[in-house]
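A.B. asks: coords please:
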Amino acid sequence: MAGLNDPIAELESSAIPTTQCLVYLHTLLRLPIPDSRTFNPMAYLIGQGLRPENHAKCYVPDMCIPTHPNAAYPSGERKPLRPVGPGFPYDNCFQWNGGDMQLDSRIINDKRSYPQTSLSILH
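C.D. replies: A predicted model of the protein is given here:
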C-alpha cells in the first residue's frame, strides 16, 4: 500500500488481519514482459490435512491433491504433486481446490531472475 502514496488506503489496509500461508505458484497468466510492473501467476493454497467440509459451498474434504512426500488420499486414486528440486519440506499437505482457493496474486517485477521450480503430477 505504501507504493500507492494514499494515506487513507494505508490506514484502512492496516486494519486487515494478515497471516502466513503456503501457496503453490502455478502458471503465469500472462507473458513476463520485462517492462511490466507485475507478473500474475495462478496460485493455490497448500494446507495441512484435508480441506474442511463446507456444506453451503458443496465442498468435501477430498477436493484436494496430496503434495509429496504425502501420498495419502481418501480414495487412494489421486497421484501427489511432486516438487522438482530439493523436495517439499512438509508432510501431510494438500493443494486445496475450489473457487475460493484461487488467489489473485501479483509478483512485483524487480528485475531479479528467479530460479525455476515447479510441482508436477507423478506419472
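
A.B. asks: in this protein, what secondary structure element scores lowest on mean pLDDT?
C.D. replies: strand 119-121 (a mean of 44; mean pLDDT, DSSP states H and E).

A.B. asks: helices of this protein, start to end?
C.D. replies: Per DSSP state H, the chain carries helices over the ranges 7-13.

A.B. asks: contacts only, for D100.
C.D. replies: With contacts defined as CB atoms under 8 Å, 6 or more residues apart in numbering, D100 is in contact with K57. For the C-beta atoms, the positions are set from N, CA and C on the backbone; glycine is no exception.

A.B. asks: flag every buried residue along stretch 92-110.
C.D. replies: 93-98, 101 (16 or more other CB atoms under 10 Å).

A.B. asks: residue ranges with poor pLDDT in the protein?
C.D. replies: 1-2, 32, 102, 112-123 (pLDDT under 70).

A.B. asks: please name the nearest non-neighbouring residue to P41.
C.D. replies: Leaving out its chain neighbours, the residue that sits closest to P41 by CB to CB, 6 or more residues apart in numbering is L25, at 4.4 Å.

A.B. asks: hmm, that neighbour is touching A43, no?
C.D. replies: Yes: between L25 and A43 there is a contact at 5.4 Å, judged by CB atoms under 8 Å.

A.B. asks: coming back round to it: out of the buried residues of stretch 92-110, which are inside strands?
C.D. replies: In this view, these that belong to strands under DSSP state E are 93-96.

A.B. asks: rewinding a little: among L25 and A43, which residue is more densely surrounded?
C.D. replies: Each of L25 and A43 has its neighbours counted (other CB atoms under 10 Å); A43 has more, 20 against 17.

A.B. asks: neighbours around A15, how many?
C.D. replies: For A15, using other CB under 10 Å, the count is 6.

A.B. asks: please report the distance of it from G47.
C.D. replies: Relative to G47, A15 is positioned 26 Å away (CB to CB, to the nearest Å).
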